[in-house]
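A.B. asks: here is my input, please return the structure:
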Amino acid sequence: MRRGPSNQPYSETMSQVIVLDATGQRLSPCSPKKAGRLLSQGKAKLVSETPLTIQLPYAVALPSEPEASPEKKHGEGKRLLLHICCGPCSTYTIRRLREQGFTVSGFWYNPNIHPFTEHERRRECVRAYAEEVALPMIWWEEYEMPVYFRAVVGHEAFGERCAICYRLRLERTAQLAHQHAFHAFTTTLLISPYQQQVVIRSVGEELASKHGLEFYFENFRRGWCERGHTAREHEMYQQRYCGCVYSEWEAKDRGAPTGHRQSRQ
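C.D. replies: Numbers count the residues shown, from 1 in each chain. This is a model prediction of the structure:
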């Protein structure tokens, strides 16, 4: 058994000793044996016994830490086409995609929204917000509600019709993204906790592969609260059902008043 600087016993397995230079800068630790030798030779002084700390009489210049290279953003140098289902859901999504380095353009194509007056009200909301945040937009001018009804006939049940609706809208988005030489596409549908995110991702990635694009997936749901706050701040119209007539009927069956469960879109 050896003895420490204050004549207290310590073992060779004792934890290492803290070493400071003359400026108080922390250096690499040393063994208790070496610390005892430096102290006995007057080459260091005892600063503390608990934890055992010694200080050297001179300053030590340590090599500077290499600067960390900035993390490359996923969207850097990429143009992305964002399918927009409604104004409120676009708020956080646009901001987040721009943070990721994407050059974002919006795309309006929602043939599921019924009736036509509802479709136009939501489109106007998107138009106004896009102007506020300087978002370039591509508008699908035709109201293709019959296309939606033909696609879902016989598959009107919740979930089943939704998967068809996702494909309908994302197929058009992918086609347009390919035609206009975008690198990637995604959708604001990914922000809603009421939508089937796994299905959306699966359909999006399948279509991306088909058209030679990237489907950018991110769990935008973490921005759901911010979405609501921004929508209220900008006095946006917030719908009470997803968009199709079936979701409107389901909302009525639940007895949801206007404004309740807003923006299932």
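A.B. asks: remind me, longest helix of this protein?
C.D. replies: helix 160-179 (DSSP state H).
A.B. asks: can you list the buried residues in that one?
C.D. replies: Buried residues in helix 160-179, counted by 16 or more other C-beta atoms under 10 Å: 161-178. Every C-beta, even on glycine, is put in place using the N, C-alpha and C of the backbone.
A.B. asks: what's it packed up against?
C.D. replies: For helix 160-179, the packing partners by 3 or more C-beta pairs under 8 Å, 6 or more residues apart in numbering; DSSP states H and E come out as strand 79-83, helix 145-152, strand 184-187, helix 197-211.
A.B. asks: which of these sits most buried?
C.D. replies: strand 184-187 (a mean of 26; mean count of other C-beta atoms under 10 Å).
A.B. asks: quick one: the strands in this protein?
C.D. replies: 2-3, 9-10, 18-20, 45-49, 52-55, 79-83, 103-108, 137-139, 184-187, 214-215 (DSSP state E).
A.B. asks: got CSV for the ones you listed, with mean pLDDT too?
C.D. replies: Shown next, in CSV, are the strands of the chain (pLDDT from 0 to 100):
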stretch, mean pLDDT
strand 2-3, 42
strand 9-10, 38
strand 18-20, 90
strand 45-49, 89
strand 52-55, 90
strand 79-83, 98
strand 103-108, 98
strand 137-139, 98
strand 184-187, 98
strand 214-215, 98
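A.B. asks: for residue 61, find the nearest of those.
C.D. replies: Proximity to residue 61 (C-beta to C-beta) singles out strand 18-20 among the strands of the chain, at 14.4 Å.
A.B. asks: name whatever forms a beta bridge with residue 108.
C.D. replies: Beta bridges link residue 108 to residue 139 when assigned by DSSP bridges.
A.B. asks: show me the contacts for it.
C.D. replies: 84, 123, 126, 137, 138, 139, 140 (C-beta atoms under 8 Å, 6 or more residues apart in numbering).
A.B. asks: how's the protein carved up into domains?
C.D. replies: 7-55, 79-253 (automatic domain parsing).
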